[in-house]
Every structure is written in structure tokens, then in C-alpha cells.
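Peer 1: here is my input, please return the structure:
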Amino acid sequence: MGLIGLDRNKKVKGVKISTLTYANGRPMSMVVSPANVHDSRLYPSTMDGFRIKISQGRPITRPTIIVADAAYDSNEIRIYNRKRGIKSNIAINKRNKKKQKPGRPKKFDQEVYKRRSAVERFFSWIEGFRKIFPRYEVLEESYLGLARLSSVLIIWRVLG
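Peer 2: The predicted structure is shown next:
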């Protein structure tokens, strides 16, 4: 049986899909986990799945900029991005700002953040596949396979 967790916020058993998308909504990397795992814990494994093969040389394994919502506002993620040379445009989580900490404030560009709607667009596209939402597959591997197949169909639609 696949990994299925209970998401306490939605009071539902299920899985969570963590994805990295282009600015136009096409997926680059996808990870499936139980619903009770926080989004920020899935970030490193989602980033590890990112790989773009090029004709010559090593593949590209890191994006130039990450635009993420407030769930990803943690020092671990910011340090991870800084070590890999990735620019972070992550919204500030209000719960983390209760006590002001010394040092430089974190950079946040509101205009760049508006491009984050591509991820929401991807999830609205993938929810159109009735085999994906709600989850009917028992095994995690088969569910991830169906999610990737639906991603291929989405890319095929976008590219024409």
C-alpha cells in the first residue's frame, strides 16, 4: 500500500504533489508524498528532481530564481538556495515575523511574485484529470506515474 497521510487542515486522507514549474505552468520536477508532510520538507527532494538535458555538457540542475509562497519561508530553504546560487523570491510568512531578528531584511519583489500564478495554473490543469483528483490509485509509484502522464499531456497541450 502506498504512503497516505492525514492532512489535519483539510480533514482528508491523501497525498500531496510538490512541483517545480516554468513561468508558463509546464512542470519541471514533481514529488508525491503523504498529505501530512509540510510543503517546506518536500523542497529539497523537488529540487533534486530538476534536470534539463542540453546538447553538450552537463545538464542544468538548478533554476536561476525560485518564486514561492509563504509556506517555504524558512532559513533552511534560503540557505539551501544560497549555497546552490539560486535567487529566492519567497513571501515572508507573518508567523515568522512575530519577533524581529537583527540583520538585513529578506528581499522580496512583489512584481516577480505575481508570476507564481503559474504553479496554481498547473494545479488547476492537473485537477482536470479525474484519475488524479481524487486519488484512486493505491500504490504511490502508479499515482506518480499518472501525475507525470497528465503532465506530459499538459505540456503537449501548451506546446500545441
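Peer 1: switch to C-alpha atoms for all contacts and neighbour counts from now on
Peer 2: Fine.
Peer 1: distance of residue 140 from residue 50?
Peer 2: 20 Å (Cα to Cα, to the nearest Å).
Peer 1: over to residue 33. Which of the three states is it?
Peer 2: Secondary structure, DSSP: H, G, I helix; E, B strand; the rest coil: residue 33 is strand.
Peer 1: so it bridges to which residues?
Peer 2: Beta-bridge pairing of residue 33 under DSSP bridges involves residue 16.
Peer 1: list the buried residues for the strand or helix carrying residue 149?
Peer 2: If you go by DSSP states H and E, residue 149 is part of helix 140-159. Of the residues in helix 140-159, 140, 143, 144, 146, 147, 148, 150, 151, 154 count as buried by neighbour count, 16 or more other Cα atoms under 10 Å.
Peer 1: for the protein, what spans make up the strands?
Peer 2: Along the chain, counting by DSSP state E, strands occupy 5-7, 12-21, 27-34, 65-68, 87-90.
Peer 1: now those strands as a markdown table including distance to residue 123 and mean neighbour count?
Peer 2: Output for those, formatted as a markdown table (distance: least, Cα to Cα, whole Å; neighbours: other Cα atoms under 10 Å):
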| stretch | distance to residue 123 | mean neighbour count |
| --- | --- | --- |
| strand 5-7 | 18 | 16 |
| strand 12-21 | 9 | 18 |
| strand 27-34 | 10 | 19 |
| strand 65-68 | 14 | 18 |
| strand 87-90 | 19 | 20 |
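Peer 1: about what we covered before: show me what the helix holding residue 149 is packed up against.
Peer 2: strand 27-34, helix 117-126 (3 or more Cα pairs under 8 Å, 6 or more residues apart in numbering; DSSP states H and E).
Peer 1: now do the same contact list for the residue nearest the centre of the chain.
Peer 2: Geometric centre of the chain, nearest residue: residue 19, 3.3 Å, by Cα atoms, centre = their mean. Residue 19 makes contact with 27, 28, 29, 30, 31, 46, 119, according to Cα atoms under 8 Å, 6 or more residues apart in numbering.
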